[in-house]
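A.B. asks: Build me a model from this:
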Amino acid sequence: MTACSYPLVDVPMKEFMSSRSTWVSDAWGLKPYIETGATVRENLRAAIQLYSSLDGDVPSSTVYRYTGWKKLNDTWHYLTGSGAITAAGRVENIEVDLGTGNMKRYQLPAPLTGNELVTAANSTLLLLKVCPENPHIGLILLAAVARAPLGECQPTDFVIWLQGLTGSRKSELAAIALSFFGDFTARSFPSNWSDSVGQCETKAHRCKDSLFVVDDYKPSVNPIEASKLKAMAERFIRNTGNQAGRDVMTSTNSPYNRSMTISTAEDTPPSQSLAGRMLIIEVNPSDVDNAVLTQLQNARKDGLFTGLMSAYLQFLAARMDKLKKEFPGYIEEYRAYAIRNKITTSHPRAPELYSNLSAAVDVFTDFLETIEGLEEPKRLMDIVETQLTQAFSQQGAYQTEQDETEKFLSLLRAVLSTGRGHIACYINQSAPSEHPHVYGWRREGGDLMPKGELIGWYGKTNGQPEIWLNQESIFKCVQQFARDQGSPFLISAGTLWRRLNEKGHLIQIEPDEKSGRPRLTVKKTVGGIAGRRVMVFSPNVIESES
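C.D. replies: Below is the predicted model:
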């Protein structure tokens, strides 16, 4: 047999030692021939070890599969695809393998110094001017850049949701922020919402203490695909908020998001609970100043942003032990400030988001103040409160949009106004005496005629008008209407009724005779028949929007 040599390959130890491994054919194809037999593969492994030209002195190396902070030999290292950044600068003899595709783009150069660092810092501050009519957009992107490397001090448990129509240049803005961590553009993001949720979580897990972008959340008109996308968003964002992976009952932990994540999107996931884990930023086509965006893109091409990030990491590395102790306290101080001054009232988690971004900008400002010749760092903190307050003032509207109870009431009004259902008088099933057209009745040939399915009654208690709704009929009608509109109403009936009561929309409830707990339906007399259970609403829930 003629001997021949093959190209060098890297073989993980687990595969090399396994008798079932196919690493030989995986690496070299069909050229090497291995005889059949139960022990042949074991003999091959032993022969390679015993008769290797290295005489058993096989070199070994540690390969890290993630970015972010790692303490090695009592020194903080920020791992990146090109090595690591320490307080002394870049270290190249550390191996980091983040996987294939655009994950390889996470690479940082040596830290910038002198005039180049001043130029890079001034270019970075252009983010504050890229959206002149809504400067909070650029500030939040800058805060995200500053917050990402501080994940070692306090994990990031929220997602920045950059939302806008096609042509709003939201992806270009996200790419500028991501380009502080590597060679990224709007065409080379590390992840997309078309990835599987497992792929997305694995990548986000590897991007520890780094910025991570998931691009292009775009709901499908197909209900099945829309449901799948919603489920993926719920799992990814919820696990980010919980800082835990999915429980798969295995010996290894499931990956979860350890990054500061920005998602670009054309819409918001239909879930109120997720909205509390997101900072939603609307980008309109008229928001972006193209001249400033071009300046930022040129700075990215020149490597100014990655060089500045390396300098920022060098600054953090020298202070990491102190920041791990003190940064959570900074967040708590800003959180208390936000609550005390009622800056963030849209959601119970809003003060946490505000305080994380404010504390990060505070630390980044400390870094900027170490750069000689830079004039603007102090001004940065002066505008933080104003701009973040503007951003969080918009969150209340998004919360209302995602509130399942508000969506239900809106759909209820739509069912009545489009003739898909009607509400009748509780005495004789005729048209309500007040605003019959609002309750699904139409005049035909001089007579008022009901449209669609009967879903409830217009009644009175002690002379006060009320709306009595049949639970089964109204839920079926609203759910079908939502499905026909391409926006399925996915919340369960029981949960919906409880939330309507929590929001104060049910004006009458009664205690359960056995348990004493509140019962959300009450007995009413309809058409002379007593004992029909209904939910009782004020007419205002329908008439106020009509």
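A.B. asks: quick one: the strands in the stretch 301-450 of the chain?
C.D. replies: Along the stretch 301-450 of the chain, the stretches classed as strands by DSSP state E, counting those that start in this stretch are 421-425, 441-444, 447-450.
A.B. asks: and if you look at the stretch 151-300 of the chain?
C.D. replies: Using DSSP E, counting those that start in this stretch, the strands of the stretch 151-300 of the chain run over residues 159-163, 191-192, 211-217, 260-265, 278-282.
A.B. asks: Of all these, which one is nearest Lys31?
C.D. replies: Nearest of these to Lys31, taken as C-beta to C-beta: strand 191-192 at 36.7 Å. (C-beta placed from N, C-alpha, C; glycine too.)
A.B. asks: by contact count, what packs against the closest one?
C.D. replies: In terms of contacts (3 or more C-beta pairs under 8 Å, 6 or more residues apart in numbering; DSSP states H and E), strand 191-192 is packed against helix 197-206, strand 211-217.
A.B. asks: Let's see that with 10 Å instead.
C.D. replies: Where contact means 3 or more C-beta pairs under 10 Å, 6 or more residues apart in numbering; DSSP states H and E, strand 191-192 is packed against helix 197-206, strand 211-217, strand 260-265.
A.B. asks: how about those in JSON lines, adding mean neighbour count and distance to Ala146?
C.D. replies: JSON lines is the format used below for these (neighbours: other C-beta atoms under 10 Å; distance: least, C-beta to C-beta, whole Å):
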{"stretch": "helix 197-206", "mean neighbour count": "20", "distance to Ala146": "19"}
{"stretch": "strand 211-217", "mean neighbour count": "25", "distance to Ala146": "10"}
{"stretch": "strand 260-265", "mean neighbour count": "26", "distance to Ala146": "9"}
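A.B. asks: Redo the ones you listed as a markdown table? Include distance to Arg532 and mean pLDDT.
C.D. replies: Listed next are the helices and strands packed on strand 191-192 as a markdown table, based on distance: least, C-beta to C-beta, whole Å; pLDDT from 0 to 100:
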| stretch | distance to Arg532 | mean pLDDT |
| --- | --- | --- |
| helix 197-206 | 45 | 95 |
| strand 211-217 | 44 | 96 |
| strand 260-265 | 45 | 96 |
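A.B. asks: Turn those into JSON lines, columns for distance to Met17.
C.D. replies: Listed next are those as JSON lines, based on distance: least, C-beta to C-beta, whole Å:
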{"stretch": "helix 197-206", "distance to Met17": "24"}
{"stretch": "strand 211-217", "distance to Met17": "34"}
{"stretch": "strand 260-265", "distance to Met17": "37"}
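A.B. asks: now for those, which one comes closest to Cys153?
C.D. replies: Ranking these by proximity to Cys153 (C-beta to C-beta) places strand 260-265 first, at 12.3 Å.
A.B. asks: and the closest one with strand 211-217, angle?
C.D. replies: 20 degrees (axes from the mean of the first three to the mean of the last three C-alpha atoms, to 10 degrees).
A.B. asks: quick one: strand 260-265 to strand 278-282, angle?
C.D. replies: Going by the same axes, to 10 degrees, strand 260-265 makes 40 degrees with strand 278-282.
A.B. asks: Can I get the strands of the stretch 151-300 of the chain in CSV including distance to Lys325?
C.D. replies: As requested, those are exported to CSV (distance: least, C-beta to C-beta, whole Å):
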stretch, distance to Lys325
strand 159-163, 26
strand 191-192, 33
strand 211-217, 24
strand 260-265, 21
strand 278-282, 26
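A.B. asks: what about the strands of the stretch 301-450 of the chain, which gets the closest to Ser60?
C.D. replies: strand 421-425 (71.2 Å).
A.B. asks: same question for the closest one, mean pLDDT?
C.D. replies: Averaged across strand 421-425, pLDDT comes to 95.
A.B. asks: Which neighbouring elements make contact with that strand?
C.D. replies: Checking 3+ C-beta pairs under 10 Å, 6+ apart, strand 421-425 ends up next to helix 404-417, strand 441-444, strand 447-450, strand 453-461, strand 464-469, helix 471-484.
A.B. asks: Give the pairing partners of that strand; include direction for each.
C.D. replies: strand 453-461 (parallel) (DSSP bridges).
A.B. asks: I'd assumed Pro255 was in contact with His205.
C.D. replies: Yes: applying C-beta atoms under 10 Å as the test, His205 and Pro255 come out as touching, 3.5 Å apart.
A.B. asks: quick check: domain ranges of the protein?
C.D. replies: The chain breaks down into these domains under automatic domain parsing: 113-400, 403-543.
A.B. asks: hey, which of the strands of the stretch 301-450 of the chain is tucked in deepest?
C.D. replies: strand 421-425 (a mean of 23; mean count of other C-beta atoms under 10 Å).
A.B. asks: Could you check the angle it makes with helix 471-484?
C.D. replies: Going by the same axes, to 10 degrees, strand 421-425 is angled at 150 degrees with respect to helix 471-484.
A.B. asks: Contact partners for Ala160?
C.D. replies: For residue 160 the amino acid is Ile, not Ala. By C-beta atoms under 10 Å, 6 or more residues apart in numbering, Ile160 lies in contact with 140-141, 143-144, 147, 174, 177, 211, 213, 260-264, 278-281, 353, 357.
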